[in-house]
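>>> This is a predicted model, with the sequence first.
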Amino acid sequence: MEKQPRLLCSELCVQRRPYEVILNCAILAWKDVQIGQKHTGRSIYGSVKAGSHCVPVCEIIAVQEKEDDSPCKDTGKWQKVPQSPVDCQHAFTVFYIERTRQHCWRCSNVTFHCSDQSLCLLWVQTIREQLGLLTNRPKRLLVYINPYGGKQRGKQIYDHKVAPIFSRATISTDVIVTERANHARDHLKTEADLKKYDGVVCVGGDGMFSEIMHGLVSRMQRDAGVDENSMEETLVPCGLRIGIIPSGSTDCVCYATAGSNDPVTSALHIVVGDSQPMDICSVHNEDSLLRYSVSLLGYGFYGDVLTDSERKRWMGPARYDISGVKTFLSHRYYEGTVSFLPAEGNLGTPRDKMQCLSGCAICRQTSSDRLVSKDEDSVSDAECRDTWTVIRGKFLAINAASMSCACPRSPKGLSPSAHLADGTTDLILVRKCSRIDFLRHLLRHTNKDDQFDHSFVEVYRVKQFRFTPRHQECDSEVDLRERESGAGGKRFLSQICREHRACGCMPSQSNWNCDGEILPYTAIQVRVHCQLITLFARGIEEQPVFEDPYTHCAI
Ligand SMILES: Nc1ncnc2c1ncn2[C@@H]1O[C@H](COP(=O)(O)OP(=O)(O)OP(=O)(O)O)[C@@H](O)[C@H]1O
Ligand SMILES: CCCCCCCCCCCCC/C=C/[C@@H](O)[C@H](CO)NC(C)=O
Ligand SMILES: [Ca+2]
């Protein structure tokens, strides 16, 4: 506590008991003077233990002078302020973040009663001055609500849980309730006056987030004259941060960046102005951009689950479970060629068990490397010379996870060690195997066992990859193999083509599931663009260890 100069120190009352209250530029702390130095309890941020409390200033949401008959709880209920002398009539309330279970945050508050009005005003003014110094906090937001996502509760969630928090934090909002699919994307791309805002918020699921992300990324490229269709282009990062208020079916982007899919937690991450950079994959077919992806690009199993589930949208989130079982039972496999450029440097591996958590060292290292080499994001000559690895086979699933893809269905995700902002994606190849083996693999997504520890599963950390389904190999793969494998490759391909003519059948095809949207092409080329967008999030927090502000001991 003494490490920072005190701004204020007073004896104030909390619930009729005297407290020593201290403010410095980092924390607000209050200690029950009657309990004194005896407190020994363990505590987490903002919680009440042995009469000693501490809240970082950056986690104060607002401070408000307390007036008679004012709303004093976040429940929005109005209550009469008692008029006894101990309540002192002059009081102020500090609203702050409290951590609860499973990475969830809540808005808590404490009311301090003062002996005179000038002291009360001094405290309010000084705390407000400190909050005013936190320049990363948004003041004006553009909010899009999908009223039909998930269980169709987006509007209700925003009105009841989020709007009161934004208004408490004096954030002003322009709210648009979408009237059709792609309404938000098109509005952002062409109409929205982005200069007016400090961020864009979507209320919905992964599909709604994808709309916002597409709108913003495309707008940035158009304004900068960058051709999104070209895979070689270096894309321009988005200046505006994106917030997600989860109310969808999977909410995996929110889950992997905040550790929960709780709307209040997400609203509070927006209020404190958190920043989490994130990679984006551009997905191309020949010379055209198909879509961007941030979470899962899945062919085979996840493509089929999505295709089937789209016909069952009316079921809400349960559609994924029904379609999951149906697709599992159908046990289809797909043939094709996967080629990829492996990631190099100190980016870890998909099996190193280094989970991407708040302040992740690998993502931070990537950020500083990017600052050093400005050209990092362009497809360099060196990269063009890099050797592509080519794998041909029969696959039950081909998945590219650019983040863990953790979600309530799979708490550690499809690739538990994938990173949010390292410029790579984890390419998971599940080769044809028995139903029982595939079931074992799938079930490992839901427990602690390693889902990559199977002979039929391979996983690679890559910067770029492409896929060609077998029936198209005759055209495009000829070029590819000619370039990469020389004459031997050519011979191999002509063999496939001959096989094809002989049987006369078209091998079956799946669809690509691109963050929950079906792609209209099966042959795709993918490139990861490092840290192209920033979210109002901080990654998943580890259990915090804090210092007691009075004793300087860990609590
Ligand atoms: N007003 C609207 N009417 C119909 N569809 C909409 C509307 N607004 C947005 N959409 C579309 O609804 C789709 C699904 O929305 P959303 O992602 O919010 O929920 P979800 O699919 O249930 O959740 P998840 O994507 O997490 O599985 C999105 O692709 C979005 O484009
Ligand atoms: C027969 C038993 C099946 C158990 C399977 C459990 C595995 C669940 C893994 C879920 C991963 C979801 C990855 C997220 C993808 C999102 O991009 C997308 C859009 O919301 N969601 C889906 C379901 O495609
Ligand atoms: Ca990544």
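Yep, that arrived. Numbers count the residues shown, from 1 in each chain. Ligands and ions are numbered 1, 2, ... in the order given.

>>> And the strands in the stretch 101-250 of the chain?
Listed in chain order, the strands of the stretch 101-250 of the chain (DSSP state E, counting those that start in this stretch) span 105-114, 140-145, 172-177, 199-204, 241-246.

>>> Among those, which comes closest to R538?
strand 105-114 (10.8 Å; Cβ to Cβ). Backbone N, C-alpha and C define where each C-beta goes, glycine included.

>>> just checking, what packs against that closest one?
Where contact means 3 or more Cβ pairs under 8 Å, 6 or more residues apart in numbering; DSSP states H and E, strand 105-114 is packed against strand 6-14, strand 90-99, helix 117-132, helix 263-271.

>>> pLDDT of it, averaged?
Regarding strand 105-114, the rounded mean pLDDT is 96.

>>> Contacts for it next, please.
Residues outside strand 105-114 that contact it (Cβ atoms under 8 Å, 6 or more residues apart in numbering): 10, 12-14, 19, 21, 30, 46, 53, 61, 66, 72-74, 86-88, 90-100, 120, 123, 165, 168, 262, 264-265, 268-269.

>>> the inter-axis angle of it versus helix 263-271?
Going by axes from the mean of the first three to the mean of the last three Cα atoms, to 10 degrees, strand 105-114 is angled at 70 degrees with respect to helix 263-271.

>>> For the helix or strand hosting T327, buried residues please.
Counting by DSSP states H and E, the element that carries T327 is helix 318-330. For helix 318-330, burial by neighbour count (16 or more other Cβ atoms under 10 Å) applies to R319, Y320, S323, G324, T327, F328.

>>> do the same with stretch 215-227
Residues of stretch 215-227 classed as buried by neighbour count (16+ other Cβ under 10 Å): G215, L216, V217, S218, R219, M220, Q221, V226.

>>> Which members of the residues you listed additionally contact ligand 3?
Filtering the buried residues of stretch 215-227 for neighbours of ligand 3 using Cβ under 5 Å from the ion leaves an empty set.

>>> Tell me the one among those nearest to ligand 3.
Nearest to ligand 3, judged by Cβ to the ion, of those is V217 at 15.9 Å.

>>> Correct me if wrong: the closest one contacts I280.
Yes - counting by Cβ atoms under 8 Å, V217 does reach I280; the two are 6.7 Å apart.

>>> Touching both of these two, which residues are there?
L235, Y292, L532, I533.

>>> With secondary structure added, can I get those in TSV?
Output for the shared contacts of V217 and I280, formatted as TSV (DSSP: H, G, I helix; E, B strand; the rest coil):
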residue	secondary structure
L235	coil
Y292	strand
L532	strand
I533	strand
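
>>> who's in contact with I428?
Applying Cβ under 8 Å, 6+ apart, we find I428 in contact with P350, A397, I398, N399, A400, A401, L414, S415, F452, V457, E458, V459.

>>> number of nearby residues for D369?
16 (other Cβ atoms under 10 Å).

>>> ok but it is inside a helix, no?
Yes - judged by three-state DSSP, D369 forms part of a helix.

>>> do you know how far it is from ligand 1?
Distance of D369 to ligand 1, given as Cβ to the nearest ligand atom, to the nearest Å: 32 Å.

>>> again with W388
Distance, W388 to ligand 1, using Cβ to the nearest ligand atom: 32 Å.

>>> Just the element for the closest residue to that residue other than its chain neighbours, please.
Using Cβ to Cβ, 6 or more residues apart in numbering and skipping residues adjacent in sequence, the residue nearest W388 is S339, 4.8 Å away. Taking DSSP H and E as the definition, S339 sits inside strand 334-342.

>>> who's in contact with that strand?
299-300, 383, 386, 388-396, 398, 427, 429, 460-470, 473, 477, 480, 484, 507-510, 522.

>>> now that strand, how far from the centre of its chain.
Put simply, strand 334-342 sits 27 Å off its chain's centre (Cα atoms, centre = their mean, to the nearest Å).

>>> Okay, now the sheet partners of that strand, with direction.
Applying DSSP bridges to the sheet, strand 334-342 is found paired with strand 389-401 (antiparallel), strand 457-469 (antiparallel).

>>> how about the first one: buried residues?
Within strand 389-401, the residues that qualify as buried are V390, I391, R392, G393, F395, L396, A397, I398, N399, A400, A401, counting by 16+ other Cβ under 10 Å.

>>> quick one, what contacts the third one?
Same thing as R392. So R392 contacts E335, G336, T337, V338 (Cβ under 8 Å, 6+ apart).

>>> can you do 6 Å?
T337 (Cβ atoms under 6 Å, 6 or more residues apart in numbering).

>>> For it, give the beta-bridge partners.
Beta-bridge partners, per DSSP bridges, of R392: T337.

>>> follow-up on the earlier one: may I see the shared contacts of V217 and I280 arranged in TSV, with distance to A258, pLDDT and neighbour count as well?
Formatted as TSV, the shared contacts of V217 and I280 follow (distance: Cβ to Cβ, whole Å; pLDDT from 0 to 100; neighbours: other Cβ atoms under 10 Å):
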residue	distance to A258	pLDDT	neighbour count
L235	25	97	22
Y292	21	98	21
L532	19	97	25
I533	15	98	24
